[in-house]
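Chemist: compute the structure for the input listed below.
(4 chains)
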Number of protein chains: 2
Amino acid sequence: MPQAASRQRRDLSLDEIIDRAAVILRDEGEQALTMRRIATECGVTPMAIYHHVTDKETLTGLVMDRLIDAALVPRSVGDWRTDMIEFASRYRRVFIDNPGAGRLYVRQPVIGPGTARAVEEVFRILATAGFPPAVIGRAADAIVLLIMGSLVNDLTRPANIRDQLIDVIPRSETPHMKRSLKTFSHRDPEQRFRDAVAWLLDGLEHALIQERS
Amino acid sequence: MPQAASRQRRDLSLDEIIDRAAVILRDEGEQALTMRRIATECGVTPMAIYHHVTDKETLTGLVMDRLIDAALVPRSVGDWRTDMIEFASRYRRVFIDNPGAGRLYVRQPVIGPGTARAVEEVFRILATAGFPPAVIGRAADAIVLLIMGSLVNDLTRPANIRDQLIDVIPRSETPHMKRSLKTFSHRDPEQRFRDAVAWLLDGLEHALIQERS
DNA sequence: ACCTGAACACCGTTCAAGT
DNA sequence: ACCTGAACACCGTTCAAGT
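Modeler: Residues are numbered from 1 along each chain as shown, chains lettered A, B, ... in the order given. Purely as a prediction, here's the structure:
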């Protein structure tokens, strides 16, 4: 039988804090994730949290790096283009499936083991494709731009909000809008993302081929 | 000589509110932009603002759409690739030069005349390139992803924070990191963005050429 | 070292009232 | 219609103190 709880519980760990915070974020979203709420969930006073972490941003950073790490699965086995598209889609989906975490992710930097392993994996895929190291860094950055942009678009812009664009100025000013707006606004977000990544990889591959010939 | 101010000033307009808010945001950043501060700058009580606008988010939306509209210049005259890269860079720079506005922009949707004209311009450039309407919407979306991603990266991630990635896990786990991290972390942000857009356009152009043959 | 209690310095917004 | 005054229901965090 475990010892009765002492007057002051001394068993609160950083790990437990991160876990409790992650649950709140996943189940109730970002505005539910307050220091006071995390403390309550840990059965402790708000200021107890500050003994394990310097401020809220570093705590949320730890939560998000852990989410990334948990989503990394053993490397896949297709060709490098497929591997990259699948990896980027999986990374994106971590935050699409956890919108609270996603909205936090585009607001603050995240550095940790999960992030490092994710970046290493992108580097590895590009290396197997045959890109020289000088290009790999820039190419990886371009992939990151698409992931971040996709999160912003899909987490902060409601699905069909772009339909409103046709009505805010006279249609005579927007001759091209009428023809192209539908494919701009109505489309599966995941597929839009995969299209963009595919085009980017096409451009990269094209540059690689030209350099070799 | 103008009339003396009445006891209750009734000359506060939405336009003035937007202007004052824009100045605060540009000069002092996002955390200075509070409803109370805007009210003070307008010489009015906080609640007076709510008579002209329903909430803070719609107000900041109006500010940002106006920033976009002001940055749109007469269409350029190069080939479509150059036009697109220049347009995207200029759009991005609006928010890079105004970081407070930029950080708000990746948090909330913005719909208005400025946004509509910007989207129309992207459609126009892609149309002159010869893309069919069904592709134009998807291509425009891909461009938007890069712009949004670039804003997130350059406004929320400090320049060289990626250097820390090498130290968070044992180097034996990251064989590719050592070779490629430098080009991933040290690089002119604007140039990185232009590279990414150029690769994307390469991929798009390639698809267009293949379709025609 | 680990935690509590009270307070500070803010927020956006509602509500009721004035003219 | 346009604005004021007071208050509500919160925040993250500092500071001093307890054990």
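Chemist: pick out the residue of chain A closest to DNA strand C.
Modeler: A:T45 (3.0 Å; C-beta to the nearest atom of the strand). Using the backbone N, CA and C atoms, a C-beta is placed for each residue, glycine as well.
Chemist: wait, that residue touches A:R36, no?
Modeler: No: with contacts counted by C-beta atoms under 8 Å, A:T45 stays clear of A:R36, the gap being 9.2 Å.
Chemist: just to revisit the earlier point, got the contact list for the residue of chain A closest to DNA strand C?
Modeler: A:A39 (C-beta atoms under 8 Å, 6 or more residues apart in numbering or on different chains).
Chemist: so what does it have for phi and psi?
Modeler: The phi/psi pair for A:T45 (degrees, to the nearest 10) reads phi -80, psi 150.
Chemist: same question for A:D154.
Modeler: Dihedral pair for A:D154: phi -90, psi -20, per degrees, to the nearest 10.
Chemist: count the residues that sit near it.
Modeler: Around A:D154 there are 20 other residues, counting by other C-beta atoms under 10 Å in any protein chain shown.
Chemist: now do A:V73
Modeler: A:V73: 9 neighbours (other C-beta under 10 Å).
Chemist: quick one: low-confidence parts of chain A?
Modeler: Scanning chain A for pLDDT under 70 picks out the ranges A:1-10.
Chemist: up against DNA strand D, what does it have?
Modeler: Residues of chain A found near DNA strand D (C-beta under 7 Å from any atom of the strand) are A:7-8, A:33-37, A:46-47, A:50, A:55-57.
Chemist: can I get these in a markdown table with secondary structure?
Modeler: Listed next are the residues of chain A next to DNA strand D as a markdown table, based on DSSP: H, G, I helix; E, B strand; the rest coil:
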| residue | secondary structure |
| --- | --- |
| A:R7 | coil |
| A:Q8 | coil |
| A:L33 | coil |
| A:T34 | coil |
| A:M35 | helix |
| A:R36 | helix |
| A:R37 | helix |
| A:P46 | helix |
| A:M47 | helix |
| A:Y50 | coil |
| A:D55 | coil |
| A:K56 | helix |
| A:E57 | helix |
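Chemist: which of the residues you listed count as buried?
Modeler: A:L33, A:M35, A:R37, A:K56 (16 or more other C-beta atoms under 10 Å in any protein chain shown).
Chemist: nearest spatial neighbour of the last one, skipping sequence neighbours?
Modeler: Looking back up the chat, that one is A:K56. Spatially, and ignoring its direct neighbours in sequence, A:K56 is nearest to A:M35 (5.8 Å; C-beta to C-beta, 6 or more residues apart in numbering or on different chains).
Chemist: residues touching that neighbour, list them.
Modeler: So A:M35 contacts A:P46, A:I49, A:K56 (C-beta under 8 Å, 6+ apart).
Chemist: tell me the one of the residues of chain A next to DNA strand D nearest chain B?
Modeler: Taking C-beta to the nearest C-beta as the measure, chain B lies nearest A:E57 of the residues of chain A next to DNA strand D, at 10.9 Å.
Chemist: surely the closest one and A:Q108 touch.
Modeler: Yes: using C-beta under 8 Å, A:E57 makes contact with A:Q108 at a distance of 5.6 Å.
Chemist: output stretch A:41-54 as PDB, nothing but the C-alphas.
Modeler: Listed next in PDB are the C-alpha coordinates belonging to stretch A:41-54 (Å, rounded to 0.1, in the frame of the first residue of the first chain):
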ATOM      1  CA  GLU A  41      -5.200  19.300 -13.400                       C
ATOM      2  CA  CYS A  42      -1.900  18.500 -11.600                       C
ATOM      3  CA  GLY A  43      -3.600  19.100  -8.200                       C
ATOM      4  CA  VAL A  44      -1.300  22.000  -7.400                       C
ATOM      5  CA  THR A  45      -1.100  25.800  -7.200                       C
ATOM      6  CA  PRO A  46      -0.400  27.700 -10.400                       C
ATOM      7  CA  MET A  47       3.000  28.900  -9.100                       C
ATOM      8  CA  ALA A  48       4.100  25.300  -8.600                       C
ATOM      9  CA  ILE A  49       4.400  24.900 -12.300                       C
ATOM     10  CA  TYR A  50       6.900  27.700 -12.500                       C
ATOM     11  CA  HIS A  51       9.300  25.700 -10.400                       C
ATOM     12  CA  HIS A  52       9.600  23.100 -13.200                       C
ATOM     13  CA  VAL A  53       9.400  25.400 -16.200                       C
ATOM     14  CA  THR A  54      10.400  29.100 -16.700                       C
END
